[in-house]
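Enquirer: I would like the atomic coordinates for the input below:
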Amino acid sequence: MTSPNQDQIKTLEQSRQRLVQLTRSLASLIGSLNQSDPLPSWTSLQSQASIISNNLLSISEHLTENRALLSSLVAYPGPSYPGRTQAQTLEQLLRTKLDPRVEDWVSRGRRAGASAAEEQGEEEELGWEFYVGGEGGGGSECGYRIEKAVGG
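Expert: Reported below is the predicted structural model:
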């Protein structure tokens with residue numbers, strides 16, 4: 001097995017930095033929720049939620065762009081890793097299958113995504129139609145109405 005090259009190491013480091021940034025943003029939100037009584041202002045919560053959302057988008061794009069590399073890398077402990085004292089951490093680091101709780105969460109997310117995609121498809125079938133109404137088409141009423149494109 002070959003060692004990772006500089007570009008691969010750079011990609012891994014960027015992944016780590018983005019995940020650390022997300023962790024800090026989440027910790028900040030949790031801290032502000034725990035320390036504030038009453039809860040922080042709506043604008044503060046909205047600002048923190050926006051930062052977290054941007055972090056998640058950034059991570060998602062980064063992971064998608066580097067999917068081939070990240071799925072081809074294999075992690076293994078070096079000889080100096082304290083395997084006896086850090087056995088649980090090592091087990092989690094070397095895990096190749098999702099934790100059952102995470103697997104359930106991922107499957108629920110996939111179902112929700114598929115459902116949302118179906119709903120979006122239905123919304124795209126809706127069409128806007130301009131109408132001029134009134135008795136005899138005289139145009140005393142006009143506006144837009146939404147009709148289902150299929151089955152109207």
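Enquirer: mind listing what the spatially most central residue of the chain touches?
Expert: Residue closest to the average C-alpha location in the chain (C-alpha atoms, centre = their mean): Leu56, at 5.4 Å. Counting by C-beta atoms under 8 Å, 6 or more residues apart in numbering, Leu56 touches Leu22. Just so you know, the C-beta spots here come from the backbone N, C-alpha and C atoms, and that holds for glycine as well.
Enquirer: what does Arg18 give?
Expert: With contacts defined as C-beta under 8 Å, 6+ apart, Arg18 is in contact with 55, 58-59, 62.
Enquirer: how about it, secondary structure?
Expert: Under DSSP: H, G, I helix; E, B strand; the rest coil, Arg18 falls in the helix class.
Enquirer: report how many residues lie close to the residue nearest to it when sequence neighbours are not counted.
Expert: Computed as C-beta to C-beta, 6 or more residues apart in numbering, the closest residue to Arg18 that is not its neighbour in sequence is Ile59, at 4.9 Å. Using other C-beta atoms under 10 Å, the number of residues around Ile59 comes to 16.
Enquirer: okay, and Ile59 sits in which element?
Expert: Per DSSP states H and E, Ile59 falls inside helix 42-65.
Enquirer: show me the helices in this structure, by range?
Expert: Listed from the start of the chain, the chain has helices (DSSP state H) covering 6-35, 42-65, 67-72, 87-94, 100-125.
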